[in-house]
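Visitor: next one to model:
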Amino acid sequence: MFQAFYKTFVGLKLVNKFVKNVLPIVDKELLFWQACAANCTDSELREQALASIRDKKFHCQGGSVYSLHDGVNTKDFVRLVVALQTISDYLDNLCDRAGIYEEAAFRQLHLAMTDALNPDAGLSDYYRYYPYKNDGGYLNTLVSACQLELGKLPSYHLIKSEVLKLAGLYSELQTFKHLDPSIREDKMTEWLNKHIADYPDINIWELAAATGSTLGMFMLCAAAHNVHLTEKCAIDISRAYFPWISGLHILLDYFIDREEDLANGDLNFTFYYKDAKQLTQRLRFFSEQALVQTKKTPNPIFAKTVVCGLLALYLSDPKTKNPKEKAVKRALLKSSGLYTNLLYFICRLLRYKKTL
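Guide: Numbering: from 1, shown residues only. All right, here's what the predicted structure looks like:
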């Protein structure tokens, strides 16, 4: 009983520090990148850059929780998270909203993700196959900002291969998922079938979901602040996040977007479940597995707060008020424990105050 109380107390201290100290830094960083985006010469690139910051701010907010991990320089790490997540969100817009369906263009654009996570890499011609090119140096500046922050991490060399593996899978997903609807499912199935044998407890669309998360990358980078980090610890973190914590993250993200994606004909990995019952069962399964995996991370209390916070953040989203989503939400909250429900209440309060 005392141990449970202690874990909750520590977790709530993290939440309080996150709201009071971290979110204002996120806002400041986003204002900087918003000003940079406004300088994009090409109107299409400028529109997509500004839209990604405006509409996906909560991605940067959520990822910045890792700036509170043990030994992390909060301000520097928020700068890294916001820059990397802004690359991710910007490229997502370029692939999804500009009416382009070229695989070569998407693959080339996403070199920005792997370059950003490699301090030794140069800058690539990211727009080589993309019809719009003149961004006034926006994407290059984002990539360089990430490389600069990663160069400060004493143990980055120990996590580099793992973080680049996750970034590579992420880039593959983004390349295939935005192709023309007539070919994208076949292309994705062919790609995923090369990897699924390593993950017997999940299906290919759950694997696809796991590849779409940046959280494992953030956690590995946070761990690289530790001068005593070992290669084994880096691998343990990677396996804890992929596929379980990362999979939970993106399945929840797709869950809240179900109605919107159905209306727009967009790809949504939760559509592959046969009904709401199976959707609920699989989300619960991922939640349970993610919580088990937290015990294998360097700071289990922090990791549990992240997992419970994911559930609280997404289940408090106004989109879950739709009747179908509401029933699933209630079932998940009922099985998620007191800590998740407490964080859910806090998230609802923060949304009411427009902090989130």
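
Visitor: so how far does stretch 215-234 reach from one end to the other?
Guide: 14 Å (CA to CA, to the nearest Å).

Visitor: buried set for that stretch?
Guide: By 16 or more other CB atoms under 10 Å, the buried positions in stretch 215-234 come out as 215-226, 229, 233-234. For the C-beta atoms, the positions are set from N, CA and C on the backbone; glycine is no exception.

Visitor: just these: which are in strands?
Guide: Among these, no residue falls in strands (DSSP state E).

Visitor: inside helices: which ones of these?
Guide: Among the buried residues of stretch 215-234, the ones falling in helices (DSSP state H) are 215-223, 233-234.

Visitor: which one among those residues gets closest to Phe255?
Guide: Leu215 (16.2 Å; CB to CB).

Visitor: contacts only, for the closest one.
Guide: Counting by CB atoms under 8 Å, 6 or more residues apart in numbering, Leu215 makes contact with 63, 66, 241, 245-246, 249, 306.

Visitor: could you measure from it over to Pro154?
Guide: Using CB to CB, to the nearest Å, one gets 22 Å for the distance from Leu215 to Pro154.

Visitor: got phi/psi on Asn134?
Guide: phi -90, psi 90 (degrees, to the nearest 10).

Visitor: stretch 19-32 - what's its average pLDDT?
Guide: The average pLDDT within stretch 19-32 is 96.

Visitor: Gly99: neighbouring residues, count only.
Guide: 7 (other CB atoms under 10 Å).

Visitor: helix or strand for it, which one?
Guide: Counting by DSSP states H and E, no helix or strand carries Gly99.

Visitor: per-residue confidence at it?
Guide: On the pLDDT scale, Gly99 gets 84.

Visitor: Arg184 versus the residue nearest to Leu94 when sequence neighbours are not counted, what's the distance?
Guide: Leaving aside its chain neighbours, Leu94 sits nearest to Gln48 (5.6 Å; criterion: CB to CB, 6 or more residues apart in numbering). Gln48 is 20 Å from Arg184, where distance means CB to CB.

Visitor: pLDDT below threshold where in the stretch 151-300 of the chain?
Guide: Applying pLDDT under 70 to the stretch 151-300 of the chain flags no residue at all.

Visitor: since that was my last question, I'll sign off now.
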